[in-house]
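> one predicted model, sequence on top.
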Amino acid sequence: MTWIIEQHRTWAEWAAIRVLKVGPIPRHLAVIMDGNRRFARKEQKDTLTGHKQGFHKLTEMLCWCRDLGINEVTAYAFSIENFKRSKHEVNGLMDLAAEKFAKLLEEKDKLAKHGVCIRVLGDLTLLPSVIRKLAAEAILATRHNDKCFLNLALAYTSRAEITSAMNDLQEGVKERKIETNDISEELLERCLYTHGSRDPDLLVRTSGEVRLSDFLLWQSGFSCLFFTKVLWPEFTIWHLFGAVFYYQRHYHTLAEARKKTVSQREHAVDESDIERCRLMYGDKVSQEQINAYARGRKERVNNFLNDLYENRINFYGNIVNEKTLS
């Protein structure tokens, strides 16, 4: 099964795409691909067949997104909680993941042609070494592609992601790379697995469940949430059209709320800089002193983040070079 597929749209599908493109199109779509197991039971097939159908549906959806102009997709592929499932199912999913990552690496030239960057969000240390190595190779092989992005949440929960970001900040303070007062919402956000990505504009969950299941809790605060009863393997381009139309109906309210929050966040940082300078210089602090402190803070933060991102790339490189165990 290929990662990049080409499909011919019907005239009705192209007509719907043209109509939708008159309005705002989400740039980042997140999806909780729920219902693979129920689909397998419905079709009286084994569970792994349902998961295979779910993967094929993901590749189809990536094609639909390209046609619509959605250039980033984040898919909830495997939660840390999923390790609690039966050993047979978990082993089957891990074998499927290894197979798909191996296929992805075979197609890296095709991915480069389409400009597809693959990211894996999650704790790679929880995965079998074979998958860990293949995932790291995929990340490194595609990291310079910049036309469209596929983020696979694998061995992921949002709580674990936020905890990891807090640990990175704590280590930064401990190593004197940053100061406690440098920590802000924005800095924590830039330490998440999703750094470099915009927050999802639209988050879709299939199968009728109306909860986020610990997926992108931080990032989805101003996302449009679309829940549908259809099982993931039965999701069609028309369901996606419906989700995008729903997003367009709520776009202006969400955009205004997001804009207001960003403004409040920036104001809070400015106020923090002023308060810090007053503690250092007294109440008669000058604007020049405030500006100098802000420049110093930004320099510390940027150096800390550059080191953090470089360490993550080195981490992937070390995984690729480690001896693979089955």
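Noted; the coordinates are in hand. Numbering: from 1, shown residues only.

> now the strands for the stretch 101-250 of the chain?
Here the stretch 101-250 of the chain has its strands, by DSSP state E, counting those that start in this stretch, at 116-121, 148-156, 202-205, 224-227.

> looking at those strands, which is closest to residue 173?
Residue 173 lies closest to strand 116-121 among the strands of the stretch 101-250 of the chain, at 24.5 Å (Cβ to Cβ). Every C-beta, even on glycine, is put in place using the N, C-alpha and C of the backbone.

> quick one, the closest one and strand 148-156 angle?
Counting by axes from the mean of the first three to the mean of the last three Cα atoms, to 10 degrees, strand 116-121 lies at 20 degrees to strand 148-156.

> quick one: mean pLDDT for strand 116-121?
For strand 116-121, the mean per-residue pLDDT is 96.

> residues near residue 147, how many?
Residues lying near residue 147 (other Cβ atoms under 10 Å) number 12.

> pretty sure it is touching residue 116, no?
Yes. At 7.1 Å, residue 147 counts as touching residue 116 under the criterion of Cβ atoms under 8 Å.

> find residues that contact each of these two.
Contact with both residue 147 and residue 116 is made by no residue, according to Cβ atoms under 8 Å, 6 or more residues apart in numbering.

> how much space between the closest residue to residue 244 other than its chain neighbours and residue 30?
For residue 244, ignoring the flanking residues on the chain, the nearest one in space by Cβ to Cβ, 6 or more residues apart in numbering is residue 20 at 5.5 Å. Computed as Cβ to Cβ, to the nearest Å, the residue 20 to residue 30 distance reads 18 Å.

> for stretch 305-314, buried residues please.
By 16 or more other Cβ atoms under 10 Å, the buried positions in stretch 305-314 come out as 305, 308.

> my error: substitute stretch 173-191 in the last question.
By neighbour count, with 16+ other Cβ under 10 Å as the criterion, the buried positions of stretch 173-191 are 177-178, 182-184, 187, 189-191.

> then stretch 40-53?
Across stretch 40-53, burial judged by 16+ other Cβ under 10 Å covers 40, 47-48, 50-53.

> how about stretch 103-120?
The neighbour-count check on stretch 103-120 (16+ other Cβ under 10 Å) flags 104, 108, 111, 116-120 as buried.

> now do stretch 187-207
For stretch 187-207, by 16+ other Cβ under 10 Å, it's 187, 189-194, 197, 199-207.

> and for the residue lying closest to residue 25 once chain neighbours are set aside, the neighbour number?
Setting aside the residues directly before and after it, residue 25 is nearest to residue 69 in space (Cβ to Cβ, 6+ apart), at 4.9 Å. Neighbour count for residue 69, taken as other Cβ under 10 Å: 14.

> where in the stretch 51-200 of the chain is pLDDT low?
Within the stretch 51-200 of the chain, no range satisfies pLDDT under 70.

> which residues of it fall in helices?
87-106, 108-114, 129-142, 158-174, 185-190 (DSSP state H, counting those that start in this stretch).

> helices or strands next to the longest one in the packing?
What that stands for is helix 87-106. helix 47-68, strand 72-79, helix 129-142 (3 or more Cβ pairs under 8 Å, 6 or more residues apart in numbering; DSSP states H and E).

> ok, back up a step: out of the helices of the stretch 51-200 of the chain, which gets nearest to residue 10?
Evaluated with Cβ to Cβ, those place helix 108-114 nearest to residue 10, the distance being 22.5 Å.

> what packs against the closest one?
Counting contacts by 3+ Cβ pairs under 8 Å, 6+ apart, helix 108-114 is packed against helix 129-142.

> which other helices and strands contact the helix it packs on?
On a contact count with 3+ Cβ pairs under 8 Å, 6+ apart, helix 129-142 meets helix 87-106, helix 108-114, strand 116-121, helix 287-321.

> closest to residue 225 out of these?
Of all the helices and strands packed on helix 129-142, it is strand 116-121 that lies closest to residue 225, at 19.0 Å by Cβ to Cβ.

> what angle sits between the closest one and helix 158-174?
Put simply, strand 116-121 runs at 80 degrees to helix 158-174, going by the same axes, to 10 degrees.

> direction included, what does strand 116-121 pair up with?
As defined by DSSP bridges, the strand partners of strand 116-121 come to strand 148-156 (parallel).

> contacts for the strand it pairs with, please.
Applying Cβ under 8 Å, 6+ apart, the external contacts of strand 148-156 come out as 62, 65-66, 71-80, 83, 97, 114-124, 126-127, 135, 193-194, 197, 215-216.

> give the buried residues for stretch 287-298.
Residues of stretch 287-298 classed as buried: 289-290, 293-294, 297 (neighbour count, 16+ other Cβ under 10 Å).
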